[in-house]
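*Asks:* Predicted structure and sequence below. I'll ask about it afterward.
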Amino acid sequence: MTDHFDLLIVGAGISGIGAACHLQKDCPSRTFAILEGRADIGGTWDLFRYPGVRSDSDMHTLGFQFKPWTSAKSIADGPSILQYLRDTCQEHGLNRHIRFHHRAKKVAWRTDDARWTVEAQRSDTGETVSLTCNFLFMGSGYYSYRHGYDPAFPGRERFEGQVVHPQAWPAGLDYAGKRVVVIGSGATAMTIVPAMAKTAVHVTMLQRSPTYVFSRPDTDVIANLLRKVLPERTAYRITRWKNTTLQQFIYWRSRVAPAKMKAGLIKLVQKELGPDYDVEKHFTPSYNPWDQRLCLIPNGDLLQSIKSGKASVVTDTITMWDERGIQLASGERLDADIIVTATGLQVVMLGEVQFVVDGAPVDFSKTWTYKGFAISGVPNLVSAFGYINASWTLRADLISEYACRLLNWMEKTGTTQCTPRLRPSDHDMQPRPWVENFSSGYLQRVMDGLPKQGDREPWTNPQSYRHDKKRFRQSPVDDGVMQFTRAGEAPAPVLAAAGSGT
């Protein structure tokens, strides 16, 4: 007999765990299970094991709105974040709802009975199991758990040392006394370099182009002070407000006065590294701040490693690899015992799960995003996706709240299906990228395959926590776009191609 639930959550990472907590609080009568493809909870914070792994968001905003972060460090390491998630599961009794080793592979919707059939492969036994549910919550993140982005480098096969991608970090890797080259200039590279530099003979961060960095302490003095004089939840709420406001201000300032923001960021790095360091070459990007994510340097650890001589930055392009290391376009070479390819993540749509609606495969590139969390023509589906300019959980929390609003509205109205559909007046929308004004390669490589956003509500995907708070918490659920029906009513039409006007 196939197990059936009111709701299935895919993923036991920060999004899935948060969704389950909201569901238990706001929809206590609903049955649910969490499908997790791995052997443990945590998602990102269980997968990544590279040296120094940490968040580049403060935990007062990356943490859940309902569970205060109480540690002194606000920029937390991976194990501490994983423990926070374990504690959340324990406190809310979620462990009994999690089915480990269940990797969702295909989901199929039938309007006749208003149900999803979910096929999951057991990663421990290889068998395929089938479950059904009325509602599906995708908390599977935004990147492939199977492999990272690892571009081909000419001559790579000739290298006689060890090559490591951060997403597949080998246990017990010995880099003490070794020469290490880290290829990349994103948050992962800037975390690995100072961590490995503590014992490696030298670590070189090889970048094709620079990234904006900013340094801040890993503790929040105000947050720690508030916790001493106020109740825990009150202190957390105030700190969360302070930090979200600051995040949004910095992003807004970067958009309205990019030249001033750029000058300020560069000035701070120059002050840290001294007047003789070539900041223009190594830390001055060609783009404006927040055209790509800023990289947080807690306690200035990367810059301190550079000043100490234990680490260095080389800005150049790779000609080829050889037996001893990397040859550069400038004619210089970097000899290495270990090369770390911190070249990024492979972004995927909805956990690489195949979606079918009434027998028709869903081509997400021909759909529209509804408020950034649902898909035109796809019923009873919510997907958590965070911000590119703020902490992930801020938006995941709001989306979970809204999913509960949808479920409660359907219970109130006796409906079983909710589907966002274009209104007649929406068919002239011009498609826009799912995320605009963001040039990072990991998104640009896949943007054509993602849903489009339109030029009017609710078909937009703004990166604004202030805006989202209003539309997720205050906008009507029955807005004329999200259509509510009963099983068997109004079969889903053929999905309209974005911008086709059909």
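*Replies:* Perfect, I can see it now.

*Asks:* what residues go with each domain of this structure?
*Replies:* Following automatic domain parsing, the chain resolves into domains at 3-146+346-427+462-485, 156-341.

*Asks:* Ok, which of those domains comes nearest residue 437?
*Replies:* Checking the domains of the chain against residue 437 by CB to CB gives domain 156-341 as the closest, at 6.7 Å. Yep, even glycine has a C-beta here, placed from its N, CA and C like the rest.

*Asks:* Would you mind measuring the gap between the ends of that closest one?
*Replies:* From its first residue to its last, domain 156-341 covers 11 Å (CA to CA, to the nearest Å).

*Asks:* and that domain, average pLDDT?
*Replies:* Taken as a whole, domain 156-341 has a mean pLDDT of 96.

*Asks:* do the same with stretch 436-453
*Replies:* Stretch 436-453 carries an average pLDDT of 90.

*Asks:* Helices of the stretch 51-200 of the chain, start to end?
*Replies:* Assigned by DSSP state H, counting those that start in this stretch, the helices in the stretch 51-200 of the chain fall at 59-62, 78-91, 187-197.

*Asks:* In CSV: the ones you listed, plus distance to residue 302 and mean neighbour count.
*Replies:* Shown next, in CSV, are the helices of the stretch 51-200 of the chain (distance: least, CB to CB, whole Å; neighbours: other CB atoms under 10 Å):
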stretch, distance to residue 302, mean neighbour count
helix 59-62, 20, 24
helix 78-91, 17, 17
helix 187-197, 5, 25
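
*Asks:* Including distance to residue 34, could these go into a markdown table?
*Replies:* Listed next are the helices of the stretch 51-200 of the chain as a markdown table, based on distance: least, CB to CB, whole Å:
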| stretch | distance to residue 34 |
| --- | --- |
| helix 59-62 | 20 |
| helix 78-91 | 9 |
| helix 187-197 | 27 |
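
*Asks:* Which of these sits closest to residue 45?
*Replies:* Using CB to CB and comparing these, the one that lies nearest residue 45 is helix 78-91, at 4.3 Å.

*Asks:* what's the distance between that closest one and the middle of its chain?
*Replies:* Helix 78-91 sits 18 Å away from the centroid of its parent chain (CA atoms, centre = their mean, to the nearest Å).

*Asks:* got a list of contacts for it?
*Replies:* 13-14, 17, 21, 41-42, 45-46, 48-49, 53-55, 59, 62-64, 67, 69, 71, 73, 76, 94-95, 98 (CB atoms under 8 Å, 6 or more residues apart in numbering).

*Asks:* how does it look with 7 Å?
*Replies:* The contact list for helix 78-91 (CB atoms under 7 Å, 6 or more residues apart in numbering) reads 14, 17, 21, 41-42, 45-46, 48, 53-55, 63-64, 67, 69, 71, 95.

*Asks:* Weed out the non-buried ones from the residues you listed.
*Replies:* When the contacts of helix 78-91 are checked for burial by 16 or more other CB atoms under 10 Å, the buried set is 14, 17, 21, 41-42, 45-46, 48, 53-55, 63-64, 67, 69.

*Asks:* which one of the residues you listed sits closest to residue 282?
*Replies:* residue 54 (22.3 Å).

*Asks:* where do the strands sit along the stretch 201-350 of the chain?
*Replies:* Assigned by DSSP state E, counting those that start in this stretch, the strands in the stretch 201-350 of the chain fall at 202-207, 213-216, 295-298, 311-315, 318-321, 325-328, 333-335, 338-341.

*Asks:* Tell me which of those strands approaches residue 144 most closely.
*Replies:* Residue 144 sits nearest to strand 338-341 of all those, at 15.3 Å, using CB to CB.

*Asks:* Just list what that closest one packs against, helices and strands only.
*Replies:* strand 162-164, strand 179-183 (3 or more CB pairs under 7 Å, 6 or more residues apart in numbering; DSSP states H and E).

*Asks:* Listing partners with orientation, what would you give for the last one?
*Replies:* What it means is strand 179-183. Applying DSSP bridges, strand 179-183 is found paired with strand 202-207 (parallel), strand 338-341 (parallel).

*Asks:* would a markdown table of those with distance to residue 175 and mean neighbour count be doable?
*Replies:* Below are the strands paired with strand 179-183 laid out as a markdown table (distance: least, CB to CB, whole Å; neighbours: other CB under 10 Å):
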| stretch | distance to residue 175 | mean neighbour count |
| --- | --- | --- |
| strand 202-207 | 9 | 23 |
| strand 338-341 | 6 | 24 |
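
*Asks:* Those: which one's closest to residue 3?
*Replies:* Nearest of the strands paired with strand 179-183 (CB to CB): strand 338-341, 40.9 Å.

*Asks:* now the helices for the stretch 401-502 of the chain?
*Replies:* 441-444, 465-473.

*Asks:* of all those helices, which lies closest to residue 481?
*Replies:* Closest to residue 481 of those, according to CB to CB: helix 465-473, at 12.0 Å.

*Asks:* now residue 22: how far from residue 12?
*Replies:* 15 Å (CB to CB, to the nearest Å).

*Asks:* So if I had to pick from the two, which one is more boxed in?
*Replies:* Taking neighbours as other CB atoms under 10 Å, residue 22 and residue 12 compare with residue 12 leading, 30 against 23.

*Asks:* Thought residue 210 was touching residue 185, still the case?
*Replies:* Yes. Using CB atoms under 7 Å as the test, residue 185 is close enough to residue 210 to be in contact (6.4 Å).

*Asks:* which of the two has more neighbours?
*Replies:* Each of residue 185 and residue 210 has its neighbours counted (other CB under 10 Å); residue 185 has more, 25 against 20.

*Asks:* give the contact list for the more buried one.
*Replies:* Contact partners of residue 185, counting by CB under 7 Å, 6+ apart, are 205, 207, 209, 210, 211.

*Asks:* Would you format the strands of the stretch 201-350 of the chain as CSV with distance to residue 487 included?
*Replies:* Below are the strands of the stretch 201-350 of the chain laid out as CSV (distance: least, CB to CB, whole Å):
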stretch, distance to residue 487
strand 202-207, 55
strand 213-216, 52
strand 295-298, 48
strand 311-315, 60
strand 318-321, 57
strand 325-328, 60
strand 333-335, 63
strand 338-341, 49
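
*Asks:* Residue 282 is nearest to which of those?
*Replies:* Closest of those to residue 282 is strand 311-315, at 4.5 Å (criterion: CB to CB).

*Asks:* Just the buried positions in that closest one, please.
*Replies:* Neighbour-count burial for strand 311-315, counted by 16+ other CB under 10 Å, picks out 311, 312, 313, 314, 315.

*Asks:* For the first one, which non-adjacent residue is closest in space?
*Replies:* Meaning residue 311. residue 305 (3.8 Å; CB to CB, 6 or more residues apart in numbering).

*Asks:* Now that the one you found has come up, it's in contact with residue 199, right?
*Replies:* No. Using CB under 7 Å, residue 305 is not in contact with residue 199; the gap is 11.9 Å.

*Asks:* hmm, back to that, near the residue nearest to residue 311, how many residues? Count them for me, please.
*Replies:* Count around residue 305 with other CB under 10 Å applied: 22.

*Asks:* if I look at it, how far off is residue 333?
*Replies:* Going from residue 305 to residue 333 by CB to CB gives 22 Å.

*Asks:* Equivalent analysis for residue 244, please.
*Replies:* Counting by CB to CB - residue 244 and residue 333 are separated by 46 Å.

*Asks:* So which of these two has more stuff around it?
*Replies:* Remark: of residue 244 and residue 333, residue 244 carries more neighbours, 19 against 14, as counted by other CB under 10 Å.

*Asks:* Quick check: residue 460 vs residue 471, distance?
*Replies:* To residue 471, residue 460 is 9 Å away according to CB to CB.

*Asks:* thinking again about what came up before, who's in contact with the residue nearest to residue 311?
*Replies:* Residue 305 makes contact with 193, 194, 197, 311, according to CB under 7 Å, 6+ apart.

*Asks:* low-scoring stretches of the stretch 351-500 of the chain, by residue?
*Replies:* The stretch 351-500 of the chain contains residues with pLDDT under 70 at 490-500.
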